[in-house]
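>>> I would like to see how this sequence folds:
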Amino acid sequence: MHGEVFGLTVRSRHIGSNIGASFKALAGGELKGITELLQQTRTEALSRLAAEAQQKGGNAVVAFRFETNDYGDTGGVEVCAYGTAVTIA
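Sure thing, here's the model as predicted:
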């Protein structure tokens, strides 16, 4: 076991996208731009998590979780991927 590892990123959409998403929310349905933003953000957080695990000498992460926070004032979203870096033989 090598200890806790984290991958954190915060992203926001540009103002035009936020306005478009607001109109779409009124009509209902999937907010595709926000879905894409969250997918990209999760991928980046996972990449950073893997890099930190490797830096600590691990080749796997156990007890893996995602945590998200919304920054409504800025239109941003934070995604933190975390777990415990371990070496599996």
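
>>> next SSE downstream of the lowest-mean-pLDDT helix or strand in the chain?
Per-element confidence for the chain was summarised using mean pLDDT, DSSP states H and E. The lowest value among helices and strands belongs to helix 15-27, with a mean of 58. Once helix 15-27 ends, the next helix or strand along the chain (criterion: DSSP states H and E) is helix 32-55.

>>> contacting residues for the residue lying closest to F64 once chain neighbours are set aside?
Leaving aside its chain neighbours, F64 sits nearest to G83 (3.9 Å; criterion: CB to CB, 6 or more residues apart in numbering). For glycine as for every other residue, the C-beta is placed from the backbone atoms N, C-alpha and C. Taking CB atoms under 8 Å, 6 or more residues apart in numbering as the contact definition, G83 lies against 4-5, 49, 61-65.

>>> any of these buried? List them.
Burial by neighbour count, judged by 16 or more other CB atoms under 10 Å, picks out 5, 49, 61 from the contacts of G83.

>>> and the second one, what pLDDT?
What it means is L49. Per-residue confidence at L49 stands at 98 (pLDDT).
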